[in-house]
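Q: I would like to see how this sequence folds:
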Amino acid sequence: MIIAFIIWSVCCAVFIVIGIIDWRSKKPVGFFTGVKPPEVTDTIKYNRAVAKLWFVVAILFEALGIPFLFAKQNSPVYILTLVGTVFCMLGLAIGYTFIESKYRVKKR
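A: Numbers count the residues shown, from 1 in each chain. Next up is the predicted model:
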């Protein structure tokens, strides 16, 4: 199960890299695939908020992978990991929706 945890950690590392790229970006960052980034009121604050969201999700996602280190294969504890992952990803999308609504340029 160590290999499973390593793969899980690589996914978390990808989230962290996305957060670092977003943090350093000078243009508004996109979030959903195939969707242009919104026009925002403050690019730096918007990018930093999106980057922080990715960092938080990476930490939570890594915490959800801890059972891979200790539980035996096919253990019922993996149900918590599965359900937690679903809620983590839903939280990611909902969190971004709040960030976007806060920084999006209001059209009159």
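
Q: hmm, who's touching the lowest-mean-pLDDT helix or strand in the chain?
A: The helix or strand of the chain with the poorest confidence is helix 67-70; it has a mean of 86 (mean pLDDT, DSSP states H and E). Outside helix 67-70, the residues that touch it by C-beta atoms under 8 Å, 6 or more residues apart in numbering are 1-2, 4-5, 8, 75, 77-78, 80-81. Backbone N, C-alpha and C define where each C-beta goes, glycine included.

Q: Out of these, the closest to residue 21 would be?
A: residue 8 (20.9 Å; C-beta to C-beta).

Q: and stretch 40-55, how far out from the chain's middle?
A: In terms of C-alpha atoms, centre = their mean, to the nearest Å, the centre of stretch 40-55 is found 13 Å from the chain centre.

Q: Please export the C-alpha coordinates of it as CSV.
A: C-alpha atoms of stretch 40-55 as CSV (Å, rounded to 0.1, in the frame of the first residue of the first chain):
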residue,chain,number,x,y,z
VAL,A,40,-11.3,40.3,-12.3
THR,A,41,-11.0,43.5,-10.2
ASP,A,42,-7.7,42.6,-8.6
THR,A,43,-5.6,40.0,-10.4
ILE,A,44,-3.0,39.5,-7.7
LYS,A,45,-5.6,38.9,-4.9
TYR,A,46,-7.6,36.7,-7.2
ASN,A,47,-4.6,34.6,-8.2
ARG,A,48,-3.5,34.3,-4.6
ALA,A,49,-7.0,33.2,-3.4
VAL,A,50,-7.1,30.6,-6.1
ALA,A,51,-3.6,29.4,-5.2
LYS,A,52,-4.5,29.2,-1.5
LEU,A,53,-7.5,27.1,-2.4
TRP,A,54,-5.2,24.7,-4.3
PHE,A,55,-2.9,24.5,-1.3
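
Q: All set, thanks.
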